[in-house]
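Colleague: sequence and predicted structure, then a few things I'm wondering about:
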Amino acid sequence: MKEYRLIAVDMDGTLLTSDKRVAEETQEDIRRAIEAGKDVVLSTGRGLSELVDYREVLSNVRYGITASGGLIYDSWEKKSLFRAEFDRDLIREIFEEVRPEAPMVHFFSGHKSVVQSDQVHHMADYHMGIYQDMFLAKTEQVEDIYSAVDNYPEIEKINVYFRSKEDRSRHLERMNALPVTYAFSVESLSVEISPKGISKGSGLLWLCDYLGIDPTQTIAVGDGDNDRAVLKSAGLSVAMGNAGTAIQTLCDEKVSDNDHNGVGEAIRRFLL
């Protein structure tokens, strides 16, 4: 079997259980991998502020590909290694295109996660109710998201949460010509928007170059559409048991679901 040096793991639907915990057995498998000299890397659509609650249980995990590749972070040195950002004119164009459906808009700017205050209290309307407590605790809330964007000079990712599939489809029809990268959430009717060419896959390749690791010596584990690029970029792609049919078909291997330590299984079967 090929020797792999690094495993990149998605968080929601992958590393995290359905109630948003890192199971103790998963923590133990991660510990064993790191003690064996392997790199365990987060590969997540979350921003830095949304990782705070996991800082203690994942204190041995040094690198994070966050904001879907928009920001790569060294948690031991507490510094950003790479950061993408949108052109300011493009941000305004994106915001003008999303307005007609009146969705919930959310963006990341470094350590800040920014939302509109009147929307964050009604996240179930946008199929994001499971995240409401986290958003209330971790986000910076502004009165008007569309005008507040000018107060944040660097934005690496924009999330747009819709009320219906029809609203999302109309949005995408208008947005297709814009120079951005799209991904779709498994858990909600959302669209994740990143600068052109930025994805979890580009983040993995950047980090491999930084660490001197051949991408063929990496494993990626995921469950959703925003994992496609990293699954294609890694030497071995592993689908979670709870992943949809399209992701399972894309991947080389399959493990248990996120409530039965699928990440730990991937570590034990393929990394160690």
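Modeller: Perfect, I can see it now. Numbering: from 1, shown residues only.

Colleague: C-alpha from now on. contacts and neighbour counts both.
Modeller: Will do.

Colleague: and the closest residue to Met104 other than its chain neighbours, what is it in contact with?
Modeller: In this structure, Met104 finds its nearest non-sequential neighbour in Tyr161, 5.0 Å apart by CA to CA, 6 or more residues apart in numbering. By CA atoms under 8 Å, 6 or more residues apart in numbering, the contact list for Tyr161 reads 103-105, 126-128, 188-191.

Colleague: for Asn242, state which of those residues is nearest.
Modeller: Distances from Asn242 to the contacts of Tyr161, taken as CA to CA, are shortest for Ser188 (15.2 Å).

Colleague: what about the closest one, neighbour count?
Modeller: 17 (other CA atoms under 10 Å).

Colleague: wait, it sits on Met128?
Modeller: Yes: using CA atoms under 8 Å, Ser188 is in contact with Met128, at 6.3 Å.

Colleague: out of the contacts of Tyr161, which one sits closest to Ala243?
Modeller: Nearest to Ala243 among those, with distances taken as CA to CA, is Ser188, at 14.3 Å.

Colleague: could I get the pLDDT score of that closest one?
Modeller: At Ser188, the model reports a pLDDT of 70.

Colleague: skipping adjacent residues, who's closest to it in space?
Modeller: His127 (5.3 Å).

Colleague: these two touch, right, the one you found and Val120?
Modeller: No: using CA under 8 Å, His127 is not in contact with Val120, being 11.8 Å away.

Colleague: re the thing from before, could you check the pLDDT of the residue nearest to Met104?
Modeller: pLDDT, Tyr161: 94.

Colleague: is it in a bridge, and if so with what?
Modeller: Met104, Ser190 (DSSP bridges).

Colleague: which parts of the stretch 151-272 of the chain are strands?
Modeller: 157-161, 180-184, 190-195, 218-222, 236-239, 253-254 (DSSP state E, counting those that start in this stretch).

Colleague: tell me the most buried of those strands?
Modeller: Highest mean neighbour count among the strands of the stretch 151-272 of the chain (mean count of other CA atoms under 10 Å): strand 218-222, with a mean of 30.

Colleague: can you show me the CA trace of that one as PDB?
Modeller: Taking C-alpha atoms only, strand 218-222 is exported to PDB below (Å, rounded to 0.1, in the frame of the first residue of the first chain):
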ATOM      1  CA  THR A 218      -2.200  13.000   0.600                       C
ATOM      2  CA  ILE A 219      -5.700  11.700   1.600                       C
ATOM      3  CA  ALA A 220      -8.800  13.800   1.500                       C
ATOM      4  CA  VAL A 221     -12.000  12.900   3.300                       C
ATOM      5  CA  GLY A 222     -15.400  14.600   2.700                       C
END
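
Colleague: packing partners of that strand?
Modeller: Contacts defined by 3 or more CA pairs under 8 Å, 6 or more residues apart in numbering; DSSP states H and E place strand 218-222 against strand 6-9, helix 228-233, strand 236-239.
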